[in-house]
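Student: Predicted structure and sequence below. I'll ask about it afterward.
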Amino acid sequence: MSLEIFNALEHQKTDSRFTLAQAINSGIKNWDSSIGIYAGDAQSYRTFSLLFDPIICEYHGFSKDKNHKPDISPLMLPSLDPEKKYIKSTRVRVARNLEGFSFPCHISLSQRRKLEKKIISALDRLKDDLKGKYYSFEPIDEKELKQLKKENLWFQKGDRFQDAAGINSDFPKCRGVFHSFDKRFMVWVNEEDHLRVIGLERTSDISSVYNRLSRALSALNQSLAFSRDETYGYLTSCPTNIGTSMRAGVHIQLEKLEQNKDLLHGIVKGYNLQIRGTGGEKTKVENAMFDISNRQRLGISESKIIQNLHAGLLAIIKAEKNLGTP
Ligand code: CIR
């Protein structure tokens with residue numbers, strides 16, 4: 001941030017009194033941050049646009065003169081790896097924040113409580129295969145928690161980046177997870193965003209996971225108003241998530257490509273995907289199990305993200321197979 005921008009924003013506040021100092025605290029405390037800023041409410045994107053816009057432009061390759069057009073219509077794509085030789089699981093998540101509430105790094109305990117209740121009552125109205133149960137983290141039955149952990153159906157307290165932003169305040173109060181009885185659909189409540197809405201399967205059927213998520217979002221949107229901006233799409237705590245707020249990815253075992261990382265990175269770059277470690281963001285790749293997902297979330301539609309991921313994974317599997325043949 002230049003001195004000029006700092007001087008222009010130093011004394012600015014949003015209506016909920018979120019300040020520049022709060023927006024940049026995570027980056028100030030963590031010099032190894034890749035982004036370093038968080039939004040405290042929807043208005044932060046306008047009040048601090050001098051700071052947010054260049055970061056958004058660099059990360060998403062998006063400028064305000066472009067259009068962000070959503071399209072979350074269902075898709076039918078051929079299965080990528082029905083034998084589960086490479087792809088072990090598929091996960092598609094989006095983030096949503098509700099209109100009228102500050103974002104998680106800047107919300108009071110009483111507002112967080114009100115928000116949790118509102119979300120639980122919307123989740124209670126889900127029907128058919130989306131029906132399930134909400135597990136509050138306070139207090140949580142030790143046996144239930146163990147089971148949720150075992151099946152990876154929970155979330156932990158935020159990392160040092162989120163902590164410095166204020167996202168962990170009052171943890172674990174008003175936090176919890178909902179999952180459908182068939183465990184293919186899950187919602188995190190009051191983590192980095194008010195809601196993280198997640199579809200997951202231990203298959204490579206990307207369309208199935210995505211279509212279920214799309215149905216769930218329309219159902220939730222009947223009782224919850226999501227924070228959205230004409231240019232920047234869905235607004236999230238971290239500017240890397242705005243737009244579609246979608247991260248669609250797989251856990252994929254690539255033993256040959258692990259030995260040929262340049263080739264893998266070339267394909268990943270070509271399809272604008274990203275690689276994360278086996279345990280998620282800022283973790284290492286273990287036993288050649290890569291987490292591969294879309295990088296771009298803004299200026300691209302939800303359905304295009306899925307089609308692009310599908311094409312990229314086809315190319316990756318083809319390369320892995322080719323390396324296997326002498
Ligand atoms: C950072 O700035 O490094 C953290 N606040 C996380 C940023 C979002 N994650 C990412 O780009 N992979």
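Tutor: Perfect, I can see it now. Numbers count the residues shown, from 1 in each chain.
Student: going forward, measure contacts between C-alpha atoms and count neighbours the same way
Tutor: Fine.
Student: Rounded mean pLDDT for stretch 73-87, please.
Tutor: When pLDDT is averaged along stretch 73-87, the result is 93.
Student: list the buried ones in it?
Tutor: In terms of neighbour count (16 or more other C-alpha atoms under 10 Å), stretch 73-87 has its buried residues at 74, 80-81, 86-87.
Student: nearest spatial neighbour of whatever residue of the stretch 51-200 of the chain ends up closest to the ligand, skipping sequence neighbours?
Tutor: The stretch 51-200 of the chain approaches the ligand most closely through residue 161 (5.2 Å), counting by C-alpha to the nearest ligand atom. By the measure of C-alpha to C-alpha, 6 or more residues apart in numbering, the closest residue to residue 161 outside its immediate chain neighbours is residue 26, 5.4 Å from it.
Student: is it true that the residue of the stretch 51-200 of the chain closest to the ligand lies in a helix?
Tutor: Yes: when classified by DSSP: H, G, I helix; E, B strand; the rest coil, residue 161 is found to be part of a helix.
Student: Name the strands paired with the lengthiest strand in the chain and say parallel or antiparallel.
Tutor: Longest strand in the chain, counting residues (DSSP state E): strand 87-96. Listed by DSSP bridges, the sheet partners of strand 87-96 and their directions read strand 195-201 (antiparallel), strand 246-253 (antiparallel).
Student: contacts for it?
Tutor: Here strand 87-96 makes contact (C-alpha atoms under 8 Å, 6 or more residues apart in numbering) with 81, 193-206, 209-210, 213, 226-227, 234-236, 241, 244-253.
Student: Restricting to C-alpha, output that strand in PDB.
Tutor: Once non-C-alpha atoms are left out, strand 87-96 reads as follows in PDB (Å, rounded to 0.1, in the frame of the first residue of the first chain):
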ATOM      1  CA  ILE A  87      -9.600 -39.100  -8.000                       C
ATOM      2  CA  LYS A  88     -10.500 -40.100  -4.400                       C
ATOM      3  CA  SER A  89     -13.000 -37.300  -3.600                       C
ATOM      4  CA  THR A  90     -14.600 -34.200  -5.100                       C
ATOM      5  CA  ARG A  91     -15.600 -31.100  -3.100                       C
ATOM      6  CA  VAL A  92     -17.300 -27.900  -4.300                       C
ATOM      7  CA  ARG A  93     -17.800 -25.100  -1.900                       C
ATOM      8  CA  VAL A  94     -19.100 -21.600  -2.000                       C
ATOM      9  CA  ALA A  95     -19.000 -18.800   0.600                       C
ATOM     10  CA  ARG A  96     -22.000 -16.700   1.500                       C
END
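Student: and it, is it in reach of the ligand?
Tutor: No: with C-alpha under 6 Å from any ligand atom as the criterion, the ligand is not reached by strand 87-96; the gap is at least 13.0 Å.
Student: Next, the angle strand 195-201 makes with whatever helix or strand comes next after that strand.
Tutor: Stepping forward along the backbone from strand 87-96, the first helix or strand reached (DSSP states H and E) is helix 109-124. Angle, helix 109-124 to strand 195-201, by axes from the mean of the first three to the mean of the last three C-alpha atoms, to 10 degrees: 40 degrees.
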